[in-house]
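Undergrad: Need coordinates for the following:
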Amino acid sequence: MIFESTEEVIPLLLSYCKKQQTSHDKVKIIDGSVERIHEFLEEKIKKTQTYIENTGLAQIDEAEFAAVCGAVNCFPYFKVDSSLLICFKNTLKQHLVDSAVNTCSAQELMWQSMLGAVLGSCHKLSSPGRINRSDVEEAFVSC
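TA: All right, here's what the predicted structure looks like:
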């Protein structure tokens, strides 16, 4: 189900993550499912990273963008290693810098919001109270 129905899985995962955030009683996941969720989230992020590397910050389908945002927001709840998010963050930053010559378009703002989501997830994975100030400053580059 995970790999076949992104439109249904992402909202369920986001709901699960929200419950994990607010509940004192952690929700249990059936053994074996965690690995499949890891694979699903990683695949979504890697696919978009490759897309950006090949086409730049070109137009992306809204449903696909929403799915990737959801995957990025869920990632810290299912993964301890942040290396994929850091690579994705670096790809986004580089392509946003490269496109800074352009005017501020809705498309560019969309990718900036993705960078913000990635930074938020990186922060959740980092040790408490630690955040890379330069990353935050670069994320708020004005148009």
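Undergrad: any low-confidence regions in this protein?
TA: For the chain, the stretches flagged by pLDDT under 70 are 1-6, 22-32, 80, 100-103, 127-143.
Undergrad: again, 90 this time
TA: 1-40, 55-64, 74-83, 94-112, 120-143 (pLDDT under 90).
Undergrad: At which residues are the helices of it located?
TA: For the chain, applying DSSP state H gives helices covering 6-22, 33-55, 62-78, 83-98, 106-125, 133-139.
Undergrad: Please work out which of these is packed deepest.
TA: helix 62-78 (a mean of 20; mean count of other C-beta atoms under 10 Å). C-betas here are computed from N, CA, C, even on glycine.
Undergrad: Residues contacting it, please?
TA: 6-7, 10-11, 13-14, 16-17, 20, 34, 37-38, 40-41, 44-45, 48, 82, 84-85, 88, 110, 113-114, 117-118, 120-121, 124-125 (C-beta atoms under 8 Å, 6 or more residues apart in numbering).
Undergrad: hmm, 6 Å instead?
TA: When contacts are defined by C-beta atoms under 6 Å, 6 or more residues apart in numbering, helix 62-78 is touched by residues 6, 10, 13-14, 17, 20, 37-38, 41, 44-45, 48, 117-118, 121, 124-125.
Undergrad: Dump it to CSV, restricted to CA.
TA: Extracted in CSV, the C-alpha atoms of helix 62-78 (Å, rounded to 0.1, in the frame of the first residue of the first chain):
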residue,chain,number,x,y,z
GLU,A,62,1.5,20.1,-7.0
ALA,A,63,0.5,16.6,-5.7
GLU,A,64,4.1,15.4,-6.0
PHE,A,65,5.4,18.6,-4.2
ALA,A,66,2.9,18.0,-1.4
ALA,A,67,4.0,14.4,-1.1
VAL,A,68,7.6,15.4,-0.8
CYS,A,69,6.8,18.0,1.8
GLY,A,70,5.0,15.4,3.8
ALA,A,71,7.9,12.9,3.4
VAL,A,72,10.3,15.6,4.6
ASN,A,73,8.1,16.4,7.6
CYS,A,74,7.7,12.7,8.6
PHE,A,75,11.4,11.8,8.0
PRO,A,76,12.6,12.6,11.6
TYR,A,77,10.0,10.3,13.1
PHE,A,78,11.3,7.3,11.2
